[in-house]
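1. Prediction below, plus the sequence it came from.
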Amino acid sequence: MTRGKNLISLLTPIGDLLLALTCAYIAPDITNLLAPVFGWTVTENFNPITASPFMAGAAIVGVPFLLRLVGFYHRDCLQRINTAIKQLFTFMFYYLCMMGIYQLSKNGESSVFMNHIILVSIVLIPIALFLRFYLIRLLLLNTTTGRKRLRAALLVGNGADLKDRWENMPDFWKRSFSIAGTVSPSTPQDTVQQLIEENHVDRLILLGGLEAYHANAETISRCELQGIDIYIDLKDTHPVNMKAGVSEIGDRRALIMTSTPVYSWARLFKSVFDRVMAALAIIISSPLWLLAAIGIKLSDPKGPIFFRQQRSGLYGRPFYMWKFRSMYADAEARLAEVKEKYGNEMEGPIFKLTNDPRIFKFGHFIRKFSIDELPQLLNILLGDMSIVGPRPLPVYETKEFPEYSQRRRLSVKPGLTCYWQVEGRSNSEGFSFMVNKDLKYIDNWSLWTDFILILRTIPAVIFGRGAK
């Protein structure tokens with residue numbers, strides 16, 4: 001079964017290329033079939049591959065790369081159906097962007113019929129890919145139903161809850177295995193070896209995380225020496241989305257475990273996108289910079305236009321974050337006095353006050369519409385921040401985190417906006433609410449997540465929801 005899955009893993013990108021080629025070839029015919037429905041012009045004997053070979057070639061060859069980018073190949077066609085649909089929608093978005101960039105480069109030379117073909121292709125290719133995914137998924141699941149085809153596995157863990165942990169694993173995955181026996185730290189090694197030999201075991205499934213790994217080290221070593229694959233379930237003991245990979249270090253290997261988004265083409269794209277968008281945003285927002293500078297100087301001539309404060313960046317590394325000043329020049333010196341007199345509306349180490357007396361009138365305006373945040377685009381250009389990520393907190397607030405586990409929000413670059421800004425945005429839900437929103441972002445990060453959060457931030461800024 002493993003050999004069959006490996007073969008499918010190798011052939012599916014090639015099959016997807018052929019599917020994309022087929023869809024591109026028949027797209028004009030389908031466009032003509034749909035023309036009466038949508039009132040489009042009918043064009044006979046049109047071949048997009050010959051009419052626009054560069055675009056057609058790039059679109060077809062790019063399909064497997066885009067699918068790999070969105071994670072469509074990560075689980076060998078065994079991901080859940082709704083996950084596959086989400087991945088294909090993300091693929092459609094990237095595919096549309098690629099086609100849009102090409103069309104812009106043509107300076108309006110493309111025909112209307114070609115635009116209709118692109119539209120049909122953007123829908124047709126994902127439908128064909130989903131049908132291919134669904135059929136192979138059925139094939140893989142059905143070929144594991146016969147007992148002779150099941151992979152013999154040992155369940156290894158720490159004790160009585162071992163079978164309960166196994167029952168909580170996904171059903172589609174469990175159907176791939178025939179359990180030869182269960183092993184705990186007290187199981188004699190002679191018994192372990194007997195189970196391996198009599199049942200032709202080729203998998204060890206360790207349930208219980210790293211604690212169980214150490215407790216069953218002798219059994220794991222025995223299986224490793226015999227070439228038996230070892231699966232380690234981390235979910236029960238690690239409430240985060242822990243990911244693992246192997247890195248080559250000279251002639252040595254290291255197992256890397258991370259709960260942050262792994263480095264990938266998507267992460268590289270995010271880094272490039274951040275800097276490009278920050279540069280464009282600075283140019284577009286330049287009139288607001290001038291407005292802010294004039295308003296600040298008229299409101300409090302004694303102080304500077306910009307406010308610079310040391311904030312906690314990636315893994316707590318301090319950096320200087322820039323903002324337009326919205327408080328009087330002596331605001332930092334008056335912080336303790338204001339806390340004592342007015343209290344704090346935010347539980348935990350973060351200080352928030354609706355009518356903070358240190359904020360001058362124009363400062364309330366630029367805060368309400370987030371104009372004061374614009375200089376942080378410079379921080380993004382410098383690489384200290386991203387457009388989307390947990391908000392950077394002052395270093396002194398980071399030092400006051402109630403629990404060390406809350407420092408995991410520092411494991412990605414801070415950003416201008418995140419879930420807290422679009423779902424709470426300085427409201428009084430509290431520090432724990434903010435941390436939970438930040439961890440939700442870290443555990444579920446994707447380019448699609450960033451895109452949605454950017455779109456959701458726009459109305460939050462325009463209408464000044466929750467800003468203080």
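-> The structure has been received and is ready for your questions.
2. Can you mark which positions in the longest helix belonging to the chain are buried?
-> Ranked by residue count, the top helix of the chain under DSSP state H comes out as helix 2-38. Neighbour counts over helix 2-38 (16 or more other C-beta atoms under 10 Å) mark 5, 12, 16, 19-21, 23-24, 27-28, 30-32 as buried. Heads up, the C-betas are built off the backbone N, CA and C, glycines and all.
3. One more: stretch 411-420?
-> So for stretch 411-420, counting by 16+ other C-beta under 10 Å, buried means 411-420.
4. elements contacting the longest helix of the chain?
-> Secondary-structure packing of helix 2-38 (3 or more C-beta pairs under 8 Å, 6 or more residues apart in numbering; DSSP states H and E): helix 48-51, helix 53-69, helix 112-142.
5. picking up where we left off before, and which of the buried residues of stretch 411-420 is nearest His200?
-> Ser411 (42.1 Å; C-beta to C-beta).
6. for that closest one, what are its contacts?
-> By C-beta atoms under 8 Å, 6 or more residues apart in numbering, the contact set of Ser411 is 259-260, 314-315, 442.
7. same thing but at 7 Å, please
-> 260, 315, 442 (C-beta atoms under 7 Å, 6 or more residues apart in numbering).
8. So what touches the strand or helix carrying Gln194?
-> Assigned by DSSP states H and E, Gln194 belongs to helix 189-199. Helix 189-199 has contacts (C-beta under 7 Å, 6+ apart) with 152, 154, 180-181, 183, 201, 218-219, 222, 226.
9. Just the buried residues out of these, in PyMOL syntax.
-> Selection command for PyMOL covering only the buried members of the contacts of helix 189-199, criterion 16+ other C-beta under 10 Å:
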select buried, resi 152+154+180+181+183+201+219+222
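10. export the contacts of helix 189-199 to TSV and tack on pLDDT and secondary structure?
-> As requested, those are exported to TSV (pLDDT from 0 to 100; DSSP: H, G, I helix; E, B strand; the rest coil):
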residue	pLDDT	secondary structure
Ala152	87	strand
Leu154	92	strand
Ala180	89	strand
Gly181	90	strand
Val183	92	strand
Val201	90	coil
Glu218	93	helix
Thr219	94	helix
Arg222	92	helix
Gln226	89	coil
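11. State the pLDDT value of the residue of the chain positioned farthest from its centre.
-> Residue farthest from the centre of the chain, counting by C-alpha atoms, centre = their mean, is Asp190 at 45.4 Å. pLDDT recorded at Asp190 is 94.
12. how near is it to Val183?
-> 12 Å (C-beta to C-beta, to the nearest Å).
13. now Pro414
-> 45 Å.
14. before we move on, what about Phe172?
-> 24 Å.
15. same deal with Glu400?
-> Glu400 sits 46 Å away from Val183, going by C-beta to C-beta.
16. would you list every one of the strands in this structure?
-> Ranges of strands within the chain are 151-156, 177-183, 203-207, 229-233, 243-249, 252-258, 306-312, 318-324, 386-388, 415-417, based on DSSP state E.
17. Distance from stretch 316-336 to the middle of the chain?
-> 31 Å (C-alpha atoms, centre = their mean, to the nearest Å).
18. how about it: buried residues?
-> Buried residues in stretch 316-336 (16+ other C-beta under 10 Å): 319, 321-328, 331.
19. Which pLDDT does the model give the closest residue to Ala35 other than its chain neighbours?
-> Nearest residue to Ala35, sequence neighbours excluded (C-beta to C-beta, 6 or more residues apart in numbering): Val42, at 4.8 Å. If you check Val42, the pLDDT there is 80.
20. From Cys23, how far out is Val42?
-> Distance from Val42 to Cys23, by C-beta to C-beta: 20 Å.
21. try Leu150
-> 37 Å.
22. same deal with Leu69?
-> 19 Å.
23. Give the burial count for the closest residue in space to Pro357 that isn't next to it in sequence, as a bare number.
-> Once flanking residues are discounted, Pro357 sits nearest to Val338: 6.6 Å by C-beta to C-beta, 6+ apart. Val338 has 16 neighbours, counted by other C-beta atoms under 10 Å.
24. Return the helix or strand in this protein with minimum mean pLDDT.
-> Of all the helices and strands that make up the chain, helix 48-51 has the lowest average by mean pLDDT, DSSP states H and E, namely a mean of 61.
25. Do a quick rundown of the helices in the stretch 351-468 of the chain.
-> With DSSP state H, counting those that start in this stretch as the criterion, the stretch 351-468 of the chain has helices at 361-368, 376-382, 395-398, 419-423, 431-443, 447-462.
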